[in-house]
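K.L.:
Dropping a prediction and its sequence here:
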Amino acid sequence: MSKSKKERGICELYAEDPERADYVVFGRVADKGRRGFLKGAGLATMGVALGATIPFHRNMPAGLIPAAFAESLTDFKIEGKDGLTVLNDRPINAETPAHLLDDHITPTERHFIRNNGVPPEDMNPATWSLTIDGEVERPMTLSIADLKRDFEVVSYALQLECGGNGRSAFNPPARGNQWSLGAVGNCMWTGVRLVDVLNAAGVKPTAIYTAHYGADTHLSGDPDKLPISRGVPIEKAMSPYNLIAFEQNGGPIHPMNGAPLRLVVPGWPGSCSQKWLRRIQLRDVEHDGPKMTGTSYRVPKYKVAPGTDVPKEDHKIIHAMPVKSLVTFPESGITLPAGSPSVAVRGHAWAGDYFVSQVELSADFGTTWTKADLMAPTNPYSWQSWQAEVSLPGRGYYEVWARATDSEGNQQPFAINWNPKGYLNNTMHRVAVTVAA
Ligand SMILES: Nc1nc2c(c(=O)[nH]1)N[C@H]1C(S)=C(S)[C@@H](COP(=O)(O)O)O[C@H]1N2
Ligand SMILES: [Mo]
């Protein structure tokens, strides 16, 4: 090692190459899963992962691997989350196994996390502000206290699903997070109606689209780049069920779910629901922020065969998510005692901007179907829970299939409606059930 290198401070060493630095300082090689997480991980993220704040954080070299972290991703625990499968550590992406989504209202610990960038370090609700500007009569900047004082505070159960949920089933595969089934949740969100705030600002007739901005930063560290900024047509923005939310399940919003203020625009791809919300701009053109253009959150305008190379111009922006259901009980793979005549099955179903009109179950590979008892939604845009008793005539291997139909008559397909980016997989959920001999 050269003299100049030896004299370098620990901070400098870490800034240059955290993995190498960790090896030099602690004589060990960072675990593969650990690595990405640490490079440029914000203090907030780090604190969440450690489950504690770091009193001496000012002395902490950027990129230092906290010794508290065990050596594998399996031990990677996100404080305040329980049982989630971590797909990615930088940015953090984690989904919930289907059987842990059994509750009608998804507990905060079980709501999935989809980050595109690095969460902000400062999530202080007392100093947070939200700016409404663009095509409005009266641009305004509001604190969370202003929102609570000036607007009606409401709570709704709102279903939020990532546009790429189910991507892992695509063949040929689509690049991106390989979500299986669990990038969906139905928390009780409390906040003010987006429409009320927009009306207070005075929507100009020229406003046709919203543009949402959050406080998270780009993975590259470039302060001029945004990780994601999406928007919705003004008609969708004016729905009374979109919330500017400051509470999740009656408590604070989890840091990874967008504390202290986020949008919840239910029924549309989760990406429309900006977390760590700082600004909503109304625009006189379709928004063109990061992840709005190209093929992001877009699907071909026509049906394509799997693997088709579809030109960019032939894509359209995804609006409402399609009808879908999830079996949350039993857990796939269970074995029932010999002689079990039937199995109690439960789950949820949701349908973008529509209601679910029917859920059916089959244990004979789709030959016959049994209607489930379907509950009315708690409010529009809540998922609807259902249950059914499905008979199993004798021992052996069964698959329980669930199929939901929406109020417009759309039904879940068996085969994936393939698209290049792996969005909108709403195929039937299949759960394996064996009756022991
Ligand atoms: N600021 C910000 N908002 C964001 C994102 C993000 O990366 N940054 N991800 C979006 C995407 S793609 C989804 S699916 C939802 C996920 O919300 P959750 O992490 O609370 O589950 O947040 C959306 N809002
Ligand atoms: Mo997403």
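P.N.:
That came in fine, so what should we check first? Ligands and ions are numbered 1, 2, ... in the order given.

K.L.:
Using PDB, list the CA coordinates for the host helix or strand of residue 247.
P.N.:
Secondary structure assignment for residue 247, by DSSP states H and E: strand 243-248. Provided in PDB are the C-alpha atoms of strand 243-248 (Å, rounded to 0.1, in the frame of the first residue of the first chain):
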ATOM      1  CA  LEU A 243     -55.700  10.800  -0.200                       C
ATOM      2  CA  ILE A 244     -52.900  13.000   0.800                       C
ATOM      3  CA  ALA A 245     -52.200  10.700   3.700                       C
ATOM      4  CA  PHE A 246     -50.400  11.200   7.000                       C
ATOM      5  CA  GLU A 247     -51.400   8.100   8.900                       C
ATOM      6  CA  GLN A 248     -51.200   4.400   8.100                       C
END
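
K.L.:
Nearest to ligand 1: which residue in the stretch 251-400 of the chain?
P.N.:
At 2.5 Å from ligand 1, residue 270 is the closest residue in the stretch 251-400 of the chain, using C-beta to the nearest ligand atom. (Each C-beta comes from the backbone N, C-alpha and C, glycine too.)

K.L.:
Kindly apply the preceding question to the stretch 101-250 of the chain instead.
P.N.:
The minimum distance from the stretch 101-250 of the chain to ligand 1, using C-beta to the nearest ligand atom, falls at residue 214 (2.6 Å).

K.L.:
pLDDT weak spots in this structure?
P.N.:
1-53, 60-77 (pLDDT under 70).

K.L.:
Outline the domain layout of it.
P.N.:
If you go by automatic domain parsing, the domain ranges for the chain are 1-73, 129-317, 324-435.

K.L.:
Put together TSV for these, with distance to residue 122 and mean neighbour count on each row.
P.N.:
Shown next, in TSV, are the domains of the chain (distance: least, C-beta to C-beta, whole Å; neighbours: other C-beta atoms under 10 Å):
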stretch	distance to residue 122	mean neighbour count
domain 1-73	8	15
domain 129-317	8	19
domain 324-435	30	19
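
K.L.:
out of these, nearest to residue 101?
P.N.:
For residue 101, the closest of these is domain 324-435, at 5.0 Å, according to C-beta to C-beta.

K.L.:
First residue to last residue on the closest one, what's the distance there?
P.N.:
By C-alpha to C-alpha, to the nearest Å, the extent of domain 324-435 from end to end equals 27 Å.

K.L.:
That one near ligand 1 at all?
P.N.:
No: in terms of C-beta under 6 Å from any ligand atom, no part of domain 324-435 sits within range of ligand 1; the closest distance is 10.9 Å.

K.L.:
next one: that domain to chain centre, how far?
P.N.:
Remark: domain 324-435 is offset 21 Å from the chain centroid, using C-alpha atoms, centre = their mean, to the nearest Å.

K.L.:
which SS state does the closest residue to residue 109 other than its chain neighbours fall under?
P.N.:
In this structure, residue 109 finds its nearest non-sequential neighbour in residue 82, 4.0 Å apart by C-beta to C-beta, 6 or more residues apart in numbering. Under DSSP: H, G, I helix; E, B strand; the rest coil, residue 82 falls in the coil class.

K.L.:
all helices in the stretch 1-150 of the chain, in order from the N-terminus.
P.N.:
Ranges of helices in the stretch 1-150 of the chain, per DSSP state H, counting those that start in this stretch, are 3-6, 10-16, 18-26, 32-38, 43-50, 144-150.

K.L.:
If you could redo that for the stretch 151-300 of the chain, that was the one I meant.
P.N.:
Going by DSSP H, counting those that start in this stretch, the stretch 151-300 of the chain shows helices at 194-201, 234-237.

K.L.:
now for the last one, which elements pack on it?
P.N.:
What it means is helix 234-237. helix 194-201, strand 209-214 (3 or more C-beta pairs under 8 Å, 6 or more residues apart in numbering; DSSP states H and E).

K.L.:
Switch those over to a markdown table; also include distance to ligand 2.
P.N.:
Shown next, in a markdown table, are the helices and strands packed on helix 234-237 (distance: least, C-beta to the ion, whole Å):
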| stretch | distance to ligand 2 |
| --- | --- |
| helix 194-201 | 19 |
| strand 209-214 | 13 |
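
K.L.:
quick one: contacts for residue 348?
P.N.:
Neighbouring residues of residue 348 by C-beta atoms under 8 Å, 6 or more residues apart in numbering: 101, 104, 186, 325-326, 328, 383-386.

K.L.:
Residue 144: which of those residues is nearest?
P.N.:
residue 186 (23.7 Å).

K.L.:
unless I'm mixing things up, the closest one is touching residue 104, no?
P.N.:
Yes: in this structure, residue 186 is within contact of residue 104 by C-beta atoms under 8 Å, at 7.1 Å.

K.L.:
Now the common contact residues for these two.
P.N.:
Overlap of the contact sets of residue 186 and residue 104 (by C-beta under 8 Å, 6+ apart) consists of 157, 348, 383.

K.L.:
ok, the first one - contacts?
P.N.:
Residue 157 makes contact with 104-105, 186-189, 377-379, 381-383 under the criterion C-beta under 8 Å, 6+ apart.
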